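Trainee: Okay, here's the prediction I keep looking at, along with the sequence it came from:
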Amino acid sequence: MEIIPKATRAAAIPGAERLISLIENCADELTREVVGHLRKHPLTPHYKGVPERDLYERARRVFSNLEEWLSRKTERDDVGRYYAALGAQRHEECIPLYEVLHALNICRRVLWQNAIEHGLLDTVYDFVQALELQHQVLLFFDRAIYYTARGYETG
């Protein structure tokens, strides 16, 4: 299950280059951190039963999808299709919807915490760009959550 990139999208969202670079360069670190949270968090007990490799690949795919979104390689409909299918798949796996949505929130939190730790907000200019960029990241995760829930309910 993968988002199919659109070949005709414009250049990356303004200000997104540094966050895209962070995702590319720290993908393994971000993903391992998410997996660690999912394994030990009391609100995600069903993820403890998912094989480590599968959990890693699932978390990594979220960051890859976000990277594609920020690079404008994908469109709203692509995100919708992917996350609707993901929701249906998690429904089939009997992972409760609240855990699936919390897993997406963990990905978002890990990303922003790492962005801060890696100095993406060191100057006022960075901060202003980050506010604009955060809007795009929130749009991505809002759509991911909405379509995941929609796919889950129809799954």
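Mentor: Yes, it's here. Given the structure is predicted, the values throughout are model-derived calculations rather than measurements.
Trainee: The residue nearest the centre of the chain and residue 77, how far apart?
Mentor: Residue closest to the average C-alpha location in the chain (C-alpha atoms, centre = their mean): residue 62, at 3.6 Å. Distance of residue 62 to residue 77, computed by C-beta to C-beta, to the nearest Å: 18 Å. To be clear about C-beta, it is placed using only N, CA and C from the backbone, and glycine gets the same treatment.
Trainee: Extract the C-alpha set from the strand or helix carrying the residue nearest to the centre of the chain and format it as PDB.
Mentor: In the assignment (DSSP states H and E), residue 62 maps to helix 52-70. The C-alpha trace of helix 52-70 is given here as PDB (Å, rounded to 0.1, in the frame of the first residue of the first chain):
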ATOM      1  CA  GLU A  52       8.700  -5.400  15.000                       C
ATOM      2  CA  ARG A  53       9.600  -5.300  11.300                       C
ATOM      3  CA  ASP A  54       5.900  -4.700  10.300                       C
ATOM      4  CA  LEU A  55       5.600  -1.900  12.900                       C
ATOM      5  CA  TYR A  56       8.800  -0.300  11.700                       C
ATOM      6  CA  GLU A  57       7.600  -0.400   8.000                       C
ATOM      7  CA  ARG A  58       4.200   1.100   8.900                       C
ATOM      8  CA  ALA A  59       5.700   4.000  10.900                       C
ATOM      9  CA  ARG A  60       8.400   4.600   8.200                       C
ATOM     10  CA  ARG A  61       5.600   4.700   5.500                       C
ATOM     11  CA  VAL A  62       3.900   7.600   7.400                       C
ATOM     12  CA  PHE A  63       7.000   9.700   7.300                       C
ATOM     13  CA  SER A  64       7.600   8.800   3.600                       C
ATOM     14  CA  ASN A  65       4.000   9.800   2.800                       C
ATOM     15  CA  LEU A  66       4.500  13.100   4.600                       C
ATOM     16  CA  GLU A  67       7.700  13.700   2.800                       C
ATOM     17  CA  GLU A  68       5.900  13.100  -0.500                       C
ATOM     18  CA  TRP A  69       3.100  15.500   0.500                       C
ATOM     19  CA  LEU A  70       5.500  18.300   1.500                       C
END
